[in-house]
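Undergrad: this one's sequence-less:
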């Protein structure tokens, strides 16, 4: 079997998929080749393989036309992604299966992918509606992290039991291997809070609340702060946002706009407090139940909305004046939320937590036998 794993977005995809590609390549009769769009992906794949102590896999860059290169230079990355996929249909049609971790790859069949089976290794574990999730129905096999996500997509008629497998979250396997590499510490010895806003304009808390939050942390003495927005926050603006944010650095405030620590659970595993809005990274943080504070500056009507289920796991702040008091009292209020955190974490990722990479590889191999 010839299997192509495709990385069509930023290197964060490596941490969800590379361990599965390696596990599948180790099963006799499976030749795995990886394709990437972002050059930085190569470094991250190498880092993951070294941590896992597994050999490198054949790796190819997606060829890009002038149009695709110009779109990338203009930071029109969503458009560039579609152009790159369309231009490489003939190459991908050489394989028995194509494995992706992004819903966008569901357009491949419409573009002309006709020979390979199309397999989705779903990444993310949040509750947020995604505008291209309807493309899930285009995949021949979908691997999901746990029963919560499986139920969500089946209820919407996007998944069928016969083409769905619950495998867990391979990123935890990668984290288990790389977690010893870096410890986050500050000179003052205080624990740190992680601020992890999402990138979507209609949902993010960053636009109006990030700077007041940073000022609030500089004025208190309980926590340090790591500001690590979703990496897609910096798609546009030609570096202006990065430069503006980096000016906020201080002995108490660390700013990260693109390091591997944003992608590999370094911050979510070590933070004492999570502050965010709708990023699914909150579920990775809850591998160890800890206090959470969620920011709702737009006063969205979130209660009883399944897309905001994670907001039941900590205090939700809707007025800026309440922000720092909520952070100050988060630890003492955590007992109110801990049982719900533990329950929802199990429903999101299933059990056992480790071994998802091998389970996913086995599911792909078994599917290809009968496909």
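TA: All right, it came through fine. Values in this document were obtained by computation on a predicted structure and should not be read as measured data.

Undergrad: could you use CA atoms for every contact and neighbour count after this?
TA: OK.

Undergrad: which residue ranges of the stretch 51-200 of the chain form strands?
TA: Assigned strands in the stretch 51-200 of the chain, in chain order: 59-61, 97-100, 117-121, 141-144, 164-166, 192-196 (criterion: DSSP state E, counting those that start in this stretch).

Undergrad: flag every buried residue along the first one.
TA: Yep, that's strand 59-61 we're talking about. Using 16 or more other CA atoms under 10 Å as the test for burial, strand 59-61 gives residue 59.

Undergrad: distance from the chain centre to that strand, please.
TA: Its chain's C-alpha centre and that of strand 59-61 lie 22 Å apart, by CA atoms, centre = their mean, to the nearest Å.

Undergrad: partner strands of it, with direction?
TA: Paired with strand 59-61 in the same sheet, following DSSP bridges, are strand 31-36 (parallel).

Undergrad: look up how far residue 354 lies from residue 249.
TA: 36 Å (CA to CA, to the nearest Å).

Undergrad: who has more neighbours out of these two?
TA: Legend: neighbour count by other CA atoms under 10 Å for residue 249 and residue 354, higher for residue 354 (19 against 15).

Undergrad: isn't that one right up against residue 171?
TA: No. Checked against CA atoms under 8 Å, the pair residue 354 and residue 171 is beyond contact range at 9.1 Å.

Undergrad: shaky segments in this structure?
TA: Within the chain, the segments meeting pLDDT under 70 span 180-181, 233-242.

Undergrad: nearest residue to the middle of it?
TA: Centroid-nearest residue in the chain: residue 124, 4.8 Å away (criterion: CA atoms, centre = their mean).

Undergrad: can you list the buried residues in the longest helix along the chain?
TA: Looking across the chain with DSSP state H, the single longest helix is helix 323-349. Across helix 323-349, burial judged by 16+ other CA under 10 Å covers 323-324, 326-327, 330, 334, 337-338, 341, 344-346, 348-349.

Undergrad: go on, stretch 166-181?
TA: Buried residues in stretch 166-181, counted by 16+ other CA under 10 Å: 166-175, 177-179.

Undergrad: repeat that for stretch 286-301.
TA: For stretch 286-301, by 16+ other CA under 10 Å, it's 286-297.

Undergrad: pull the residues that contact it.
TA: For stretch 286-301, contacts defined as CA atoms under 8 Å, 6 or more residues apart in numbering pick out 205, 208-209, 269, 272-277, 311, 313-320, 326-327, 330-331, 333-334, 337-338, 341-342, 345.

Undergrad: over to stretch 158-165?
TA: The contact list for stretch 158-165 (CA under 8 Å, 6+ apart) reads 134, 136-137, 140-144, 150, 153-154, 363.

Undergrad: show me just the buried residues among the residues you listed.
TA: Buried among the contacts of stretch 158-165 by 16+ other CA under 10 Å: 134, 136-137, 140-144, 150, 153, 363.

Undergrad: need those residues in CSV with distance to residue 12, can you?
TA: Putting the buried ones among the contacts of stretch 158-165 into CSV (distance: CA to CA, whole Å) gives the following:
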residue, distance to residue 12
134, 22
136, 20
137, 24
140, 24
141, 22
142, 19
143, 18
144, 17
150, 22
153, 23
363, 23
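
Undergrad: for the helix or strand just after the longest helix of the chain, buried residues please.
TA: As assigned by DSSP states H and E, the chain's next helix or strand after helix 323-349 is helix 356-370. Of all the residues in helix 356-370, those buried under the rule 16+ other CA under 10 Å are 356-365, 367.

Undergrad: hang on, residue 99 packs against residue 5?
TA: Yes. Under the criterion of CA under 8 Å, residue 99 makes contact with residue 5 at 4.7 Å.

Undergrad: let me have the buried residues of stretch 166-181 in a markdown table, adding distance to residue 76 as columns.
TA: Below are these laid out as a markdown table (distance: CA to CA, whole Å):
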| residue | distance to residue 76 |
| --- | --- |
| 166 | 34 |
| 167 | 33 |
| 168 | 32 |
| 169 | 29 |
| 170 | 29 |
| 171 | 27 |
| 172 | 31 |
| 173 | 32 |
| 174 | 30 |
| 175 | 31 |
| 177 | 34 |
| 178 | 32 |
| 179 | 33 |
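
Undergrad: in helices, which of the residues you listed appear?
TA: Per DSSP H, the buried residues of stretch 166-181 map to helices at 171-175, 177-178.

Undergrad: and which of the buried residues of helix 323-349 is nearest to residue 219?
TA: residue 324 (10.0 Å; CA to CA).

Undergrad: OK, contacts around the closest one?
TA: Contacts of residue 324 (CA under 8 Å, 6+ apart): 213, 216-217.

Undergrad: make it 7 Å
TA: Taking CA atoms under 7 Å, 6 or more residues apart in numbering, we find residue 324 in contact with residue 216.

Undergrad: gap between it and residue 213?
TA: For residue 324, the distance to residue 213 - CA to CA - is 8 Å.

Undergrad: same question, residue 334
TA: For residue 334, the distance to residue 213 equals 20 Å [CA to CA].

Undergrad: repeat for residue 287
TA: For residue 287 relative to residue 213 (CA to CA), the value is 25 Å.

Undergrad: got the strands of the stretch 51-200 of the chain as a markdown table, with distance to residue 129 columns?
TA: Listed next are the strands of the stretch 51-200 of the chain as a markdown table, based on distance: least, CA to CA, whole Å:
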| stretch | distance to residue 129 |
| --- | --- |
| strand 59-61 | 31 |
| strand 97-100 | 19 |
| strand 117-121 | 17 |
| strand 141-144 | 16 |
| strand 164-166 | 19 |
| strand 192-196 | 18 |
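
Undergrad: what's the closest of those to residue 31?
TA: The nearest among the strands of the stretch 51-200 of the chain, by CA to CA, is strand 97-100 at 10.6 Å.
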